[in-house]
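Q: Give me a model of this one.
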Amino acid sequence: MRLFFEFFRRCVIINRMRDTNRPLKRTESLRFKFTLIFLFYSIFILALSGFTTYGNQMKSYKAMRLDDLRDIGFYLEKIIQDSANEFISYQKYYMEHFAEVDIPYDFTEYHTAQMRLQQMLLNSNQTELLNSSDVDFESLSDDEKKAYFIYCHEYWTLAFEHAREAFDLPYTYYLVPKADEYKMVYMIDGERSHKGADGKKSDKGDYLYLGDEYYDAPEKYPVQWKTWFSGQIQDEFQVWNNEWGNTFAYYIPLIIDGQKLGLIGIEVEVEKINKAILNNTLLLLGSMTIGLFLLFIILIFFIDKRYVQKVVNLENDVRNYADDKNPEIASQIIRSIHEKNEISMLAYQFADMIIELEQYMNSLLSTSRELKNTKERANRLNELAIRDSLTGVRNKTAYDREILLVENEIARGNKSFGLVMIDLNNLKKINDTYGHTQGNIAIKKLCEQICAVFVHSAVFRIGGDEFVVIIKDYACENVAWLVERLNTNLDALADCEELEDWERVGAAVGYAVFDDKIDDSMSSVFKRADQAMYRHKREMKIERE
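A: Residues are numbered from 1 along each chain as shown. Predicted structure coming up:
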């Protein structure tokens, strides 16, 4: 290691000497480099100060905005709770019938829908409901329910839009979670969408699109789901950065008579929060920049007079050596030293280096090349040893190594592990009927499906038609859902008539999760997963018969 660093140091000097026969560029001078160092240092100090100031102000301002958004959310919650039974009936009808209702996209007030409802009640002689604040929704006819729903949706949509405009917010909305699917239905949407002629969301259309639904992964949107599952407001924002903008979102759980109904969402633009803080930070940095600039001018002048001129003299001697390659230059450098300081010691070292340079160069360059070639060969061999050549996933050797690591984790008390076994169906039949090339295609097709589902898990091919997935953490907790998803994808392949027979692959799947009550190692988990896979294979065989 010492030889390597010595080699590196001397190579730098040699390369420098090779270029000394040309005029020194301004960017290569010590004056320039000292200036550059001071410049980088000043930038670092300014950046550190700026980030610290910005971070402190951001923390304070975000806390203030959090309080503002909480007050807005409480306001929307209060007006909904004032119409508790009406809103519950409205939400229930929405979730069951939103696809059946056409609401004009560009409505600007709800009175038209209200008058239509009143006329229906008059025609059905239900005049007592006209002035009632608590309508018996179930007593209405189907047409009256739909008219009542349209009136309610226009009313609440406008209420949320007016709140957004009044408080200068980009979005306000009301969400109804499907917690078992981690999906959010935008019941009252802060961004209106058109419904096309086919009933789906479109860029244009005369009617309002209802039931807009999105999958919000819990690991990506933790604040949103924490608010819903806990039923309590959180002291933090949910960050959104998508096609609708970069915003901070805050959620208020809507609870009426002890029933948790949905989430009131309020968003504020990140840019607005940052703008005022950024202006103050830039003003502070400007003042600091002027002070640092004056200080560095003084320092550069002092260093140039005290040290740089001496280095220039040494540079001329180095240039002479680079031109003549004469070892006698070392004696000339030593004779030119008249005082003892750091630059003098550098000159002595350089003179000594000239004498030893040739033998160091030959020895170290050879050693470096040999080490590099050996390391590259070892890396290539190791990678080839653990990769399956057909599918590209890891092979049986890699699986055995990984199992050892997992066993060590289990011994240390980390027992959140499991195995998923997948066995390709009818590989022998595909090989015999269509050939081994098509059999390989079937193997790769199954591997693609496995990797697409178990994105964050290690996939291994341990046999001709057998795959194993080692699952941990999130995948371990959701293995049943992931296996179901894999089976669903394979069923879709089997039903796809556009694919060749060997591409419509099927597989038996079984899984097991480490249970410290019955398992003492991953081998017992493997056995249970293998048994589950063979049960699935037998079930599939019975279904085909």
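Q: Show me what counts as buried in stretch 497-505.
A: For stretch 497-505, a neighbour-count test (16 or more other CB atoms under 10 Å) marks 502-505 as buried. Where C-beta positions appear, they are placed from N, C-alpha and C, glycine not excepted.
Q: gap between Cys152 and Phe107?
A: To Phe107, Cys152 is 13 Å away according to CB to CB, to the nearest Å.
Q: So which of the two has more stuff around it?
A: Cys152 (24 against 17; other CB atoms under 10 Å).
Q: Closest to the centroid, which residue in this structure?
A: The centre of the chain sits closest to Lys220, judged by CA atoms, centre = their mean, with a distance of 7.5 Å.
Q: So which residues make contact with stretch 84-100?
A: With contact meaning CB atoms under 8 Å, 6 or more residues apart in numbering, stretch 84-100 is reached by 80, 133-135, 137-138, 145-146, 148-149, 152-153, 156, 176, 185, 187, 199, 210-211, 256-257, 259, 261-262.
Q: From those, which land in helices?
A: Per DSSP state H, helices hold the following members of the contacts of stretch 84-100: 80, 145-146, 148-149, 152-153, 156.
Q: and which of those residues is nearest to Ile450?
A: His153 (44.2 Å; CB to CB).
Q: thinking again about what came up before, per-residue confidence for the residue nearest to the centre of the chain?
A: Lys220 carries a pLDDT score of 91 in this model.
Q: just checking, next helix/strand downstream of the one helix or strand Met353 maps to?
A: Per DSSP states H and E, Met353 falls inside helix 342-385. Reading on from helix 342-385 to the C-terminus, the next helix or strand found by DSSP H and E is helix 396-411.
Q: Would you mark the buried spots in that next one?
A: The neighbour-count check on helix 396-411 (16+ other CB under 10 Å) flags 398-399, 402-403, 406, 409-410 as buried.
Q: Repeat that for stretch 241-250.
A: In terms of neighbour count (16+ other CB under 10 Å), stretch 241-250 has its buried residues at 247-250.
Q: doesn't the residue nearest to the centre of the chain fall inside a helix?
A: No - counting by DSSP: H, G, I helix; E, B strand; the rest coil, Lys220 falls outside a helix, being coil.
Q: Look up how far Leu76 lies from it.
A: 25 Å.
Q: swap in Asn408?
A: Asn408 is 53 Å from Leu76, by CB to CB.
Q: Now pLDDT too, for the buried residues of stretch 241-250, in JSON lines please.
A: Formatted as JSON lines, the buried residues of stretch 241-250 follow (pLDDT from 0 to 100):
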{"residue": "Thr247", "pLDDT": "87"}
{"residue": "Phe248", "pLDDT": "89"}
{"residue": "Ala249", "pLDDT": "91"}
{"residue": "Tyr250", "pLDDT": "92"}
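Q: Closest one to Val469 out of the residues you listed, please.
A: Nearest to Val469 among those, with distances taken as CB to CB, is Ala249, at 34.7 Å.
Q: surely that closest one meets Glu236?
A: No - Ala249 is beyond contact range of Glu236, at 10.3 Å (criterion: CB atoms under 8 Å).
Q: Mutual contacts of those two, please.
A: In contact with both Ala249 and Glu236: Val223, using CB under 8 Å, 6+ apart.
Q: For the helix holding Met353, give the mean pLDDT please.
A: Over the span of helix 342-385, the pLDDT mean works out to 67.
Q: for stretch 202-214, same thing?
A: Averaging pLDDT along stretch 202-214 yields 91.
Q: List the buried residues of it.
A: Neighbour-count burial for stretch 202-214 flags 205, 207-212 (criterion: 16+ other CB under 10 Å).
Q: farthest pair in those residues?
A: Going by CB to CB, the pair spanning those furthest: Gly205 and Gly211, at 14.5 Å.
Q: Please read off the pLDDT at the residue of the chain positioned farthest from its centre from the model.
A: In the chain, counting by CA atoms, centre = their mean, Arg335 sits farthest out from the average C-alpha position, at 64.0 Å. Looking at Arg335, its pLDDT reads 74.
Q: now it: how far from Lys415?
A: Distance, Arg335 to Lys415, using CB to CB: 75 Å.
Q: Likewise for Ser49?
A: In this view, Ser49 and Lys415 are 47 Å apart by CB to CB.
Q: Show me which of the contacts of stretch 84-100 are buried.
A: Among those, those classed as buried by neighbour count (16+ other CB under 10 Å) are 80, 135, 137, 145-146, 148-149, 152-153, 156, 176, 185, 187, 210-211, 256, 261-262.
Q: Phe526 contacts Leu419, doesn't it?
A: Yes - with contact taken as CB under 8 Å, Phe526 and Leu419 are classed as touching, separated by 5.7 Å.
Q: Compare the two and say which is more crowded by neighbours.
A: Set side by side, Phe526 and Leu419 show more neighbours around Leu419, with 27 against 17, by other CB under 10 Å.
Q: Thanks a lot, see you next time.
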